[in-house]
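Colleague: take this sequence and fold it.
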Amino acid sequence: AVDGKSWDSSEDPSKILHNFIISITVLVVAIPEGLPLAVTISLAYSVRKMMRDHNMVRHLHACETMGNATVICSDKTGTLTTNRMTVVNTFMQGQTFNDSQLFDPSFSPDPTLSALLSEGISINSLYSSRILDPEQAGGLPRHIGNPTECALLGFVANNLRVDYEAIRDAHPSSSFSKVFTFNAVRKSMSTVIKRPGGGYRLYTKGAPEVVLARCSKIHWYDGPVELTDEIHKDIRGRILEGMSTQALRTLCIAYRDFEEDELAPLRIEPSVGGEEDEEALFSDEDSVVANLTCLALTGIEDPVRDEVPAAIKQCHRAGIVVRMVTGDNEVTARAIAIKCGILKRREGHIVLTSKKFNEAIHNEDGTVNQQLLDKVWPKMRVLARSTPRDKFVLVKGIIESELNKNREVVAVTGDGTNDGPALKRADVGFAMGLAGTDVAKEASDIILTDDNFSSIVKAVMWGRNIYDSIAKFLQFQLTVNVVAVVVVFISACAIETTPLTAIQLLWVNLIMDAMASLALATEPPTEELLNRRPYGRKKPLITRSMFRFIFGHAVYQLIVTFVLVFAGDDMFDIPDGTKTKIRDDPTQHFTVVFNTFVLMQVFNEINARKIRGERNVFEGIFKNPIFVAIIVGTIIVQSLIVEFGGLAIRTKGLSAQQWMWCFFLGVGELLWHQVVITVPKNPLPAFGKAVPPAAAPRDARILWMRSLWRLQTQIRVVNAFRGQLERRPSIMVDGLHRTARSPAMSRFQHAAGAARMPKSNRETHV
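Modeller: Have a look, this model is predicted:
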């Protein structure tokens, strides 16, 4: 006997079993086991969506890491620029035309000059140089052959609007009278063709200092005029130096017509039988390539991608420093960096060549001095004439620097085989999908399928979105955990029963784990994510804003729940559910408590979409159809459970008035949220601060590797079953039968094995 009461064999065993089940259920609800699920769903969803943004993720940890990137070391060619040489500046008819004027539909040079330029460029170039249509709709045209000649052909097709293929068809290479091919000594290329009305014509293109020296005339406003010393000096001083300042590659295009009287001095032997020995006639290059008429001077560059300056501005706004590492000379690198917005002189940014960089960071014995490097890299924005080793030293030095107490998080791009060490050493390595080598792709964490810098910015957005998605789920789940545990515990002590049964708590657990993780982890990223600086490695897991959310909404839900438990029968004029026994039928009293509790979680899930105190919790809600579907689906299933759950779920149907009150108290969460976010958050504590920087990376990597190992194990099991169904030969891998794979799948297994290694070991695993 206990407290004077004897053992009741009909009631006491049921009470013990009921209390045991409730205690186990409370334990299940109290433990946030849905957090790993939320992380997995968020990563899997993001990886799939990032493919549409031209980011092929090879290592899952790189997604979240990219959200905290503070430095991006980017290549120039193909990443910041289009890798398409283009004519952007032209001097002809005595005036200069920039790129905006050249591509203006109203641009129309003198017809005679346009015809000469079109024919001269089309004929006096290798016929193997061509411009083909893009492989995909909306893509860039394909340049085949010499990049400089393709730029000139693009000038003919796009600016002069002439079909260069038609000119080539009319003048096949077999009809050429003489060709002086380009070489390093000649620095020009010349081609002689027959004129339809008799005589010959010579076209020349090459370095301006060489070709202009052979010109005696220039095509001016009204036609050819004498190339005086004054005009020559003006061209060299104003035009060519101006193009050089813009880091443009300059070419001069000229021509010469040979009349009959001009051919006589060139003939070494008289023609026999009317047949002219053209090879002998034009054998003396100095005499042939002379007295030219200059047609135009062109400035050619690899233009910056249209979207790159805006993307770099976004990086600066997001607290990310962009550094350009290129093999170009200092003048070209500086000009490109200024156009991209990387280099800003007013902020003291500097450009260093490889030679100056190495002189500044090495000791006398040739070793790298980290203290010297720390004096260089903060202000350096461009590293010109760099080598793959320079890139590795720079990345390694920034990562190991202690100038920032949170340690820099470095992302780096690379496309060559020698970029492998830098890609491995970086926190996140980006390989070029189009121009990158297989070694670079194997060493990377993410592959840019379009080789575009703006895709890196999208990776930053997705990385920050992953972090925020996990934070949203965490604040929602912890609120449910606190309220459920407190309600069950206090009710058990006060009324010796609980208003929430085991099966009801399991339904609540399903709402806050599986469904909530799917709803909150699939929020799409927005541009607003780039309006803040990176969180850093020491940011608390539960911030002050999250603590305010959890505590504030827990207070509201506890007050509403306990009022309904202890006074709900009087409020709704229904039988008191606290007096019922285990074997009694369900009551409307506890059904109202259960229904209100669930609806408060549903509407609080909408509040959980915002983690920084935003008032408009509905902003962008319809951009996530999964979230809307889960909210609507949960309400529908809850209605069916309440009305038809019966004895199995311990519910009893409610009247329309009772349903209205349940919804009113649930919607009250949205109104209460406006009160909660008004409370100042600064006095509130923060929890879950990161461990010291020395230990944090290793511990975090261990957790990531465990999660990856579990995912990879599941993938191997699925592949094993698939292999058996397909009845293919199998081999033993990691203790499991796996289907024989192609070389491509073998490389994937190699990458997956590398992903399971600690970062320090993966540096040599290429």
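
Colleague: make it CA atoms for all contacts and neighbour counts henceforth
Modeller: Noted.

Colleague: residues touching stretch 543-562, excluding its own?
Modeller: Contact with stretch 543-562 is made by 475-476, 478-480, 482-483, 486-487, 593, 596-597, 600, 604, 611-613, 665, 669, 672-673, 676-677, 679, 681-682, 684-687, as judged by C-alpha atoms under 8 Å, 6 or more residues apart in numbering.

Colleague: and those, which of them are buried?
Modeller: The neighbour count (16 or more other C-alpha atoms under 10 Å) marks 475-476, 478-480, 482-483, 487, 593, 596-597, 600, 604, 611, 613, 665, 669, 673, 676-677, 681, 686 as buried among the contacts of stretch 543-562.

Colleague: now Asp427: how far from Ile398?
Modeller: To Ile398, Asp427 is 11 Å away according to C-alpha to C-alpha, to the nearest Å.

Colleague: who touches both of the two?
Modeller: Shared contacts of Asp427 and Ile398 (C-alpha under 8 Å, 6+ apart): Val410.

Colleague: distance from the helix or strand harbouring Leu665 to the middle of the chain?
Modeller: In the assignment (DSSP states H and E), Leu665 maps to helix 656-676. Relative to the chain's own centre, helix 656-676 is displaced by 41 Å; criterion: C-alpha atoms, centre = their mean, to the nearest Å.

Colleague: show me what that helix is packed against.
Modeller: Secondary-structure packing of helix 656-676 (3 or more C-alpha pairs under 8 Å, 6 or more residues apart in numbering; DSSP states H and E): helix 544-572, helix 588-607.

Colleague: could you dump those to a markdown table with distance to Asn369 and mean pLDDT?
Modeller: Output for the helices and strands packed on helix 656-676, formatted as a markdown table (distance: least, C-alpha to C-alpha, whole Å; pLDDT from 0 to 100):
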| stretch | distance to Asn369 | mean pLDDT |
| --- | --- | --- |
| helix 544-572 | 40 | 93 |
| helix 588-607 | 51 | 94 |
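
Colleague: mind putting those helices into TSV with distance to His61?
Modeller: Shown next, in TSV, are the helices and strands packed on helix 656-676 (distance: least, C-alpha to C-alpha, whole Å):
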stretch	distance to His61
helix 544-572	24
helix 588-607	27
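
Colleague: which ones are touching Arg615?
Modeller: By C-alpha under 8 Å, 6+ apart, Arg615 lies in contact with 674, 677.

Colleague: on the three-state scheme, it is what?
Modeller: Three-state assignment for Arg615 (DSSP: H, G, I helix; E, B strand; the rest coil): coil.

Colleague: make 352 the starting number, not 1.
Modeller: With 352 as the first residue, the last one maps to Arg966.

Colleague: and it, what are its phi and psi?
Modeller: phi -80, psi -40 (degrees, to the nearest 10).

Colleague: from Thr433, how far out is it?
Modeller: 42 Å.

Colleague: before we move on, the earlier item: which among the helices and strands packed on helix 1007-1027 is found nearest to Lys529?
Modeller: helix 939-958 (77.7 Å; C-alpha to C-alpha).

Colleague: tell me the buried residues in the closest one?
Modeller: For helix 939-958, burial by neighbour count (16+ other C-alpha under 10 Å) applies to 939-958.

Colleague: also stretch 1007-1018?
Modeller: By neighbour count on 16+ other C-alpha under 10 Å, the buried set for stretch 1007-1018 is 1009, 1013, 1016-1018.

Colleague: check these and tell me the two furthest apart.
Modeller: Gln1009 and Val1018 (14.2 Å).

Colleague: before we move on, the earlier item: avg pLDDT for the helix holding Leu1016?
Modeller: Mean pLDDT, computed over helix 1007-1027, is 95.

Colleague: tell me which residues are up against that helix.
Modeller: By C-alpha under 8 Å, 6+ apart, the residues outside helix 1007-1027 that reach it are 899-900, 903-904, 907, 911, 923, 943, 946-948, 950-955, 957-958, 966.

Colleague: again, only using 7 Å
Modeller: The contact list for helix 1007-1027 (C-alpha atoms under 7 Å, 6 or more residues apart in numbering) reads 900, 903, 943, 946-947, 950-951, 954-955, 958, 966.

Colleague: now the angle from that helix to helix 939-958?
Modeller: 40 degrees (axes from the mean of the first three to the mean of the last three C-alpha atoms, to 10 degrees).

Colleague: for helix 1007-1027, C-alpha coordinates in PDB please.
Modeller: Taking C-alpha atoms only, helix 1007-1027 is exported to PDB below (Å, rounded to 0.1, in the frame of the first residue of the first chain):
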ATOM      1  CA  ALA A1007     -17.600  25.400 -35.000                       C
ATOM      2  CA  GLN A1008     -17.200  27.800 -32.200                       C
ATOM      3  CA  GLN A1009     -14.500  25.700 -30.500                       C
ATOM      4  CA  TRP A1010     -12.600  25.500 -33.900                       C
ATOM      5  CA  MET A1011     -12.800  29.300 -34.200                       C
ATOM      6  CA  TRP A1012     -11.300  29.800 -30.700                       C
ATOM      7  CA  CYS A1013      -8.500  27.300 -31.600                       C
ATOM      8  CA  PHE A1014      -7.600  29.200 -34.700                       C
ATOM      9  CA  PHE A1015      -7.900  32.500 -33.000                       C
ATOM     10  CA  LEU A1016      -5.400  31.400 -30.300                       C
ATOM     11  CA  GLY A1017      -3.100  29.900 -33.000                       C
ATOM     12  CA  VAL A1018      -3.200  33.100 -35.100                       C
ATOM     13  CA  GLY A1019      -2.400  35.000 -32.000                       C
ATOM     14  CA  GLU A1020       1.200  33.700 -32.400                       C
ATOM     15  CA  LEU A1021       1.500  36.000 -35.400                       C
ATOM     16  CA  LEU A1022       0.300  39.000 -33.400                       C
ATOM     17  CA  TRP A1023       2.400  38.000 -30.400                       C
ATOM     18  CA  HIS A1024       5.500  37.900 -32.600                       C
ATOM     19  CA  GLN A1025       5.200  41.600 -33.300                       C
ATOM     20  CA  VAL A1026       5.400  42.100 -29.500                       C
ATOM     21  CA  VAL A1027       8.300  39.700 -29.100                       C
END
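
Colleague: how far off helix 895-923 does the host helix or strand of Ser806 point, in degrees?
Modeller: Assigned by DSSP H and E, Ser806 falls within helix 804-846. Helix 804-846 runs at 40 degrees relative to helix 895-923, counting by the same axes, to 10 degrees.

Colleague: how near is Ile544 to Lys529?
Modeller: Ile544 is 7 Å from Lys529, by C-alpha to C-alpha.

Colleague: give me the neighbour count for the nearest residue to Gly765 once chain neighbours are set aside.
Modeller: The shortest distance from Gly765 to any non-neighbouring residue, by C-alpha to C-alpha, 6 or more residues apart in numbering, is to Ala782 (5.2 Å). By the criterion of other C-alpha atoms under 10 Å, Ala782 has 32 neighbours.

Colleague: what's the one helix or strand Ala782 maps to packed up against?
Modeller: Using DSSP H and E, Ala782 maps to strand 779-783. On a contact count with 3 or more C-alpha pairs under 7 Å, 6 or more residues apart in numbering; DSSP states H and E, strand 779-783 meets strand 761-765, strand 797-799.

Colleague: and it, average pLDDT?
Modeller: Strand 779-783 carries an average pLDDT of 93.
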